[in-house]
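**Q** how would this look folded up:
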Amino acid sequence: MVYDVFLNKIKTGMEQALGKEYELSLHRITKNNGLILDGLCISKNKNPVAPAIYLNNCYHQYLKGCSLEEITQELLELYRSNEVLPTIHPARLSDYSAMKSRTACRLINTAANETLLQDMPHIPWNDLSIVFYLFLQENDTGIMTAGIHTSHLNTWGISQDELFQAAISNVSRLFPPSITSMDCILEDLTDAVPDLNRQAMTPFYVLSNTCGINGAICMLYPDVLKHFSEGIERDVLILPSSIHEVLLLPDEEDISYDELSQMVAPINASEVLPQDRLSNQIYRYSRRSDSIEIVSSCMLPLN
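**A** Okay, here's the model as predicted:
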């Protein structure tokens, strides 16, 4: 069965299982770093919040022998476990005063997202861009978000700077920063990997947020790196592990920024999902200027 036929059969099977109060539609959705996924969007009782279930991996399951019925049942169970959605009246989506407290922001790579950024308000930051989204709901399986597009700013009648001020305030409150010593993380791995060279890795710290999603933005939270650098009495090198977290390393005289960058690039390519990659560059937080700049000369593309 060809892919497009598979998608429509899954949609039909889900429609029959869910009933007439549900509206289902197939959409090609552009994700981070140019990844394009096929999503099955499900709306109940015309709720404007319609979660998308991505079907690309389901087709691989089908090719390996899973039946349509088995895949449909798995998708139904997945949807049912996340069916309780925030109910937002369409009129509230057009009201910025109602949506302001839900605005948030994250970091993505600029060059890898040129198409995505054409339709989204964004603020360039080094080789990255700050983009915005609505935080809709959080549960045991993660968070539900919706991207903010240029049309939202036009409807809300606000500037990009107003959006940023609200979003950075919200995101630092909703998702507080968390800095963990790599030594603490590696303690849990010692038994499983007895030859692990912990001494070589313990200067590293992991900066993310308390939910572990889109946590790289924490390096832009007010005073987070300032207080960290004061604690270690050093400037701070920042290695972009993914859009969800970055690694922090005290800056020492004998550290080669380009060698660090050459270490980051292959790790990104082999260990980080394409949609989660952030950058191959190395950044440094300066205590003197209270600012972050790129210090590596890496020219390797992200993808």
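**Q** Model confidence score at residue 86, please.
**A** pLDDT, residue 86: 64.
**Q** Just the strands from the stretch 151-300 of the chain, written as ranges.
**A** Secondary structure of the stretch 151-300 of the chain (DSSP state E, counting those that start in this stretch): strands at 177-181, 205-209, 236-242, 245-250, 283-286, 291-294.
**Q** any idea which residue sits dead centre in this protein?
**A** residue 214 (4.0 Å; CA atoms, centre = their mean).
**Q** now the spatially closest residue to it that is not a sequence neighbour, which residues is it bridged with?
**A** Nearest non-adjacent residue to residue 214, counting by CB to CB, 6 or more residues apart in numbering: residue 106, 4.0 Å away. Glycine gets a C-beta too; all of them are placed from N, C-alpha and C. The partner list for residue 106 in beta bridges (DSSP bridges) reads residue 131.
**Q** now the closest residue to residue 265 other than its chain neighbours: how far from residue 259?
**A** Counting by CB to CB, 6+ apart, residue 265 lies nearest to residue 280, which is 4.3 Å off, once chain neighbours are set aside. Distance of residue 280 to residue 259, given as CB to CB, to the nearest Å: 13 Å.
**Q** Which of these two has more residues huddled nearby?
**A** Here residue 280 and residue 259 are compared on neighbour count by other CB atoms under 10 Å; more neighbours surround residue 280, at 24 against 11.
**Q** my read: that one touches residue 267, true?
**A** No: between residue 280 and residue 267 there is no contact, the gap being 9.4 Å when judged by CB atoms under 8 Å.
**Q** Can you name the residues that contact the residue nearest to residue 214?
**A** 130, 131, 133, 171, 214, 216, 217, 243 (CB atoms under 8 Å, 6 or more residues apart in numbering).
**Q** what about the last one, how many neighbours?
**A** It refers to residue 243. 25.
**Q** quick one: pLDDT of it?
**A** Taking residue 243 on its own, its pLDDT is 97.
**Q** same deal with the third one?
**A** The confidence metric pLDDT takes the value 96 at residue 133.
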